[in-house]
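Student: using only what follows, build the 3D model:
(chains A, B and C)
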Amino acid sequence: MPNQFRMIAYTEHITFNTKDRYEIFDITEHVESVREKSGLTDGMILVTAMHITASVFVNDHESGLWSDIMTWLEKLAPAQPNYKHHLTGEDNADAHLKRMILGHQVIVPVTKGKLDLGPWERVHYGEFDGQRPKRVLFKAIGMGA
Amino acid sequence: MPNQFRMIAYTEHITFNTKDRYEIFDITEHVESVREKSGLTDGMILVTAMHITASVFVNDHESGLWSDIMTWLEKLAPAQPNYKHHLTGEDNADAHLKRMILGHQVIVPVTKGKLDLGPWERVHYGEFDGQRPKRVLFKAIGMGA
Amino acid sequence: MPNQFRMIAYTEHITFNTKDRYEIFDITEHVESVREKSGLTDGMILVTAMHITASVFVNDHESGLWSDIMTWLEKLAPAQPNYKHHLTGEDNADAHLKRMILGHQVIVPVTKGKLDLGPWERVHYGEFDGQRPKRVLFKAIGMGA
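Tutor: Below you'll find the model as predicted:
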């Protein structure tokens, strides 16, 4: 039996170009914009970094915490010359490791036409090798009215 | 061509309130309950912490390992006073970091009407700033009979 | 209103058996093969390790980096005898921890009939307790033509 809803699959690729090599910022407004354009009423929005030296993660919109996260990542996965990856001519092995800790994608649930996030949940982009254009994919999947 | 299945989108929000500040416990029974109520036969169930100091992750149901995980997280992201996040009056920056290592959401696949998990895969909730009500969202998406 | 697409849900379980206890390798060709067999044109493919001592993650196809990742994981979650999990007779607690850092599943977006990956994004399997058969689940969900 076909139901009265239609299936939605809507995709956007958004490019970010950070001023600094290392940067964290809030991208929840982009998720909301994609939801609105998609017409999704119930389902999920995948938000995924398309570059392997960046993260997408959910945490608090608080600049002190963003600074703590960067300090902490530097301790766990320091920028230093002696990575084997650097034998290829690259200098960003630390960025490949840092992005693994925070993860590179999240799923934002959508319920009754709204992002179904907790009171402090905000979607963030974490850049560890910036200062050049890098893409993030947003894909809404589920039911529309 | 519409197929003979109907699309399912079913959501529950379940509140946990842990006795201790730090706690790990198995929530697979809730995932199974959501699957049953949703009627989902093929698809996925998103399980996602709605608070930014908690995790949802898949690992072994073994209390020795749960203890190892907590000891390990304390080593990698220690509770200590000198986080910048604490300048806001908060005291839980370690919880914001610990939850990033384990992750805050998982997707449980459903195939032929059953959770499609490996023999030792169990879904767990990790609380790092508990002793108050906190919500977890379960959303089933896919096909029903 | 039913739309002109049909909903797809297609699942494969693929078994890997590594020669070494610790190993990283590229499994993107399997994701592509599942996409082709599924007929998925717009949606997502979940790729998830069914064993709790293995990872699925997205990073660079570069053997120097794979070596860096293993060295780094050994530093953050060392193999050593004194885990409580080992009181059960197991010797692989480090593998349970290592897999948490890289994560155990990824979602690969599919757009216009193709894996929608960035230029260097490749899906990898990370094994931390191998030398025996272990399964990975691939599930395609979304719209087919």
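
Student: now stretch A:26-43: buried residues?
Tutor: Residues of stretch A:26-43 classed as buried by neighbour count (16 or more other Cβ atoms under 10 Å in any protein chain shown): A:27-28, A:30-32, A:34-35, A:38, A:40-43. C-beta here means a position set from N, CA and C on the backbone, and glycine is covered the same way.

Student: for it, what is the distance to the chain centroid?
Tutor: Taking Cα atoms, centre = their mean, to the nearest Å, one finds the center of stretch A:26-43 at 14 Å from the center of the full chain.

Student: and stretch A:108-117, by the same measure?
Tutor: 17 Å.

Student: for it, what does the pLDDT average out to?
Tutor: Averaged over stretch A:108-117, pLDDT sits at 98.

Student: close to chain B, is it?
Tutor: Yes: for stretch A:108-117, a contact with chain B is found by Cβ under 8 Å from any Cβ of the partner chain, at A:109, A:111, A:116-117.

Student: and the end-to-end length of stretch A:67-86?
Tutor: The straight-line separation of the ends of stretch A:67-86 (Cα to Cα, to the nearest Å) is 26 Å.

Student: and that stretch, does that touch chain C?
Tutor: Yes: using Cβ under 8 Å from any Cβ, stretch A:67-86 reaches chain C at A:76-77, A:83-86.

Student: all helices of chain A, in order?
Tutor: When secondary structure is read from DSSP state H, chain A shows helices at A:28-38, A:63-76, A:93-102.

Student: ok, back up a step: chain B next: which of the residues of stretch A:67-86 next to chain C are close?
Tutor: residue A:76.

Student: which of the residues of stretch A:67-86 next to chain C count as buried?
Tutor: If we count by 16+ other Cβ under 10 Å, these have these buried: A:76-77, A:83-86.

Student: between the residues you listed, which is nearest chain B?
Tutor: residue A:76 (6.7 Å; Cβ to the nearest Cβ).

Student: wait, doesn't that closest one sit right on residue C:73?
Tutor: No: counting by Cβ atoms under 8 Å, residue A:76 does not reach residue C:73; the two are 11.1 Å apart.

Student: distance to residue C:55 for the buried ones among the residues of stretch A:67-86 next to chain C - can I get that in a markdown table?
Tutor: Output for these, formatted as a markdown table (distance: Cβ to Cβ, whole Å):
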| residue | distance to residue C:55 |
| --- | --- |
| A:76 | 17 |
| A:77 | 16 |
| A:83 | 19 |
| A:84 | 19 |
| A:85 | 18 |
| A:86 | 23 |
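
Student: as a markdown table, those with pLDDT and distance to residue B:95 would be great.
Tutor: Below are those laid out as a markdown table (pLDDT from 0 to 100; distance: Cβ to Cβ, whole Å):
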| residue | pLDDT | distance to residue B:95 |
| --- | --- | --- |
| A:76 | 98 | 17 |
| A:77 | 98 | 20 |
| A:83 | 98 | 30 |
| A:84 | 98 | 34 |
| A:85 | 98 | 32 |
| A:86 | 98 | 34 |
